[in-house]
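Asks: model this:
(one chain, ligands or ions: 2)
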Amino acid sequence: MTTIFRGRRGKLAADLEGAGWDALVVSHLPNVLYLTGFSGSSGMVVTGSSGTTLFTDGRYAVQARELEGGCRVRIVRGALLDGVAAHLQAIGARRVAFEASHLTVSQNAALKKRTGSKAVRKWGATTGVVEKLRARKDAVEITKIRAAAAVACKALALVLPMVKPGVREVEVAAEIEYLMRRNGAAGPSFETIVASGPRTALPHARPTSRKLRRNELVVLDLGAILDHYCSDLTRTVYLGKPPRRLAEWHRAVGEAHQAAVAALRPGVTGAQVDLAARETLRKHRLDRLFVHSCGHGLGLEIHEEPRLARNIETPLEAGNVVTIEPGVYLEGTGGIRIEDDYLVTDRGSERLTRTCSDIFQH
Ligand code: ZN
Ligand code: ZN
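Replies: Ligands and ions are numbered 1, 2, ... in the order given. Predicted structure coming up:
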């Protein structure tokens, strides 16, 4: 494992040097985990030309010393930023970047004040430096995401018999999370969505005490975290024989999903994949009801790079792991979404969530 973390830090060091930075202050915990293997809730990293140092507090002393990541560890009493500032002075870093999206305004002010203008001459607000590396998964990460996907799939298959009229949304959600944990998950990768009837029109509905009813839609959106890696899966079912209009909607969303998958390969942009789904729904005159983007990357976080959305012009690469999740939503009627996770391969893509594909009529 040590070599994996060293390899990641080596790539990052080259990027930082190319951009003219002596060091990067990493304060986003998933990035700390990615670079060092440290998974505690209090940690910062300074990495760059003079190596990598992890800063944490006394609660994590044992965990930090057992790290296989091969980086230096400093246990800080008091604010981590004080330790970081003293370290930046000690290594004589002149040009220092920080993560603009993950350092608060007051933390940023404190870091600059405590480091002092004599030590650091130039501060740089960077975004997505580590996230860019994280977007391309290595073999170990792919294995972990596969396992997280398998657990979500298993939980969905096991919960389906319970998805029946009279059962409450919260009961189904609780059962899904229980099943994921029973099958090895550390927990859900986000708050499980179980929405029924008109509530399916809310793409991010929270489960309520509403009972499922016959002749209604139910959206189940779930994911597991396993070994720090996430999965994300959505199926929509209809309790009974679906009316023609909803059957057509479901078919159209499935077609849009397949069109996006057909477009998914290295070199294609997130915007192009999104457009493939949107154009398909337009043919069915449903594009107006597709109110979110086509998908997102997933890994250590449930939403990460690369995004599959309008205006995303970065080309996809082999090793990206993304969701494809087109949906249509109409207030008063309901919503339908079909979501799976895909690994971008050299030639196209591979589906990681292989389960329960054809369960609309339930
Ligand atoms: Zn989802
Ligand atoms: Zn998703």
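Asks: Now do the buried residues in stretch 112-119.
Replies: 112, 114, 115, 119 (16 or more other C-beta atoms under 10 Å). The C-beta positions use only the backbone N, C-alpha and C, and glycine is treated the same way.
Asks: Name the surrounding residues that touch it.
Replies: Stretch 112-119 has contacts (C-beta atoms under 8 Å, 6 or more residues apart in numbering) with 81, 82, 85, 86, 88, 89, 92, 93, 94, 96, 120, 123.
Asks: Setting the sequence-adjacent residues aside, check what's closest to the third one.
Replies: Looking back up the chat, that one is residue 85. residue 114 (3.7 Å; C-beta to C-beta, 6 or more residues apart in numbering).
Asks: can you confirm the one you found is in a strand?
Replies: No - going by DSSP: H, G, I helix; E, B strand; the rest coil, the assignment for residue 114 is helix, not a strand.
Asks: ok, so what distance separates it from residue 127?
Replies: 23 Å (C-beta to C-beta, to the nearest Å).
Asks: go on, residue 220?
Replies: 34 Å.
Asks: higher neighbour count, those two?
Replies: residue 220 (27 against 10; other C-beta atoms under 10 Å).
Asks: so what's that one scoring on pLDDT?
Replies: The model reports residue 220 with a pLDDT of 98.
Asks: how about it, phi and psi?
Replies: phi -120, psi 120 (degrees, to the nearest 10).
Asks: from what I can see it touches residue 177, true?
Replies: No - taking contacts as C-beta atoms under 8 Å, residue 220 lies outside contact range of residue 177: 11.9 Å.
Asks: Quick check: neighbours shared by those two?
Replies: Going by C-beta under 8 Å, 6+ apart, residues that sit against residue 220 and also against residue 177 are residue 192.
Asks: How about the residues of the stretch 51-200 of the chain by ligand 1?
Replies: Within the stretch 51-200 of the chain, no position is near ligand 1 by C-beta under 5 Å from the ion.
Asks: Pull the contacting residues for the residue in the stretch 1-150 of the chain positioned nearest to ligand 1.
Replies: Proximity of the stretch 1-150 of the chain to ligand 1 (C-beta to the ion) peaks at residue 149, 12.0 Å away. Neighbour list for residue 149: 231, 233, 341, 352, 353 [criterion: C-beta under 8 Å, 6+ apart].
Asks: so which pair among those residues is furthest apart in space?
Replies: Greatest spacing in these, by C-beta to C-beta: 233 and 352 (9.4 Å).
Asks: The contacts of stretch 112-119 also near ligand 2: which ones?
Replies: Answer for those near ligand 2: none qualify (C-beta under 5 Å from the ion).
Asks: Those in helices, which ones?
Replies: 81, 82, 85, 86, 88, 89 (DSSP state H).
Asks: How far away from the center of its chain is the one helix or strand residue 155 maps to?
Replies: Assigned by DSSP states H and E, residue 155 belongs to helix 139-159. In terms of C-alpha atoms, centre = their mean, to the nearest Å, the centre of helix 139-159 is set 14 Å apart from its chain centre.
Asks: any idea how far the closest residue to residue 257 other than its chain neighbours is from residue 251?
Replies: In this structure, residue 257 finds its nearest non-sequential neighbour in residue 338, 5.0 Å apart by C-beta to C-beta, 6+ apart. As judged by C-beta to C-beta, residue 338 and residue 251 stand 11 Å apart.
Asks: ok, residue 92 - how many residues close by?
Replies: Residue 92: 11 neighbours (other C-beta under 10 Å).
Asks: check contacts around it.
Replies: residue 119.
Asks: Then the one 10 residues further on?
Replies: The neighbourhood of residue 102, defined by C-beta under 8 Å, 6+ apart, consists of 27, 28, 31.
Asks: looking at the residues you listed, which has the most residues close by?
Replies: residue 31 (25 neighbours).
Asks: Sticking with that one, tell me its helix or strand.
Replies: Going by DSSP H and E, residue 31 is in helix 29-36.
Asks: Remind me which helix or strand residue 45 belongs to.
Replies: strand 44-48.
Asks: related to what we said a few turns ago, who's in contact with the helix or strand that comes right after the helix holding residue 155?
Replies: Next helix or strand after helix 139-159 toward the C-terminus (DSSP H and E): helix 169-182. The contact list for helix 169-182 (C-beta under 8 Å, 6+ apart) reads 151-152, 154-156, 158-159, 162-163, 187-188, 192-196, 199, 207-212, 218, 220, 222, 224.
Asks: Residue ranges in the chain under the pLDDT threshold?
Replies: Applying pLDDT under 70 to the chain flags residues 1.
Asks: Centroid-wise, who is the farthest residue in it?
Replies: residue 118 (39.3 Å; C-alpha atoms, centre = their mean).
Asks: my hunch is that that one is in a helix, does that hold up?
Replies: No - judged by three-state DSSP, residue 118 forms no part of a helix; its state is coil.
Asks: Give me the more crowded residue out of residue 338 and residue 251.
Replies: residue 338 (21 against 13).
Asks: I'd like the distance between that one and residue 216.
Replies: Distance, residue 338 to residue 216, by C-beta to C-beta: 18 Å.
Asks: what do residue 233 and residue 352 both touch?
Replies: 149, 340, 341.
Asks: partner residues bridging residue 56?
Replies: residue 75 (DSSP bridges).
Asks: oh, and call the first residue 366 from now on, that's how I've got it
Replies: That works, and once the first residue is 366, the last one we named lands at residue 421.
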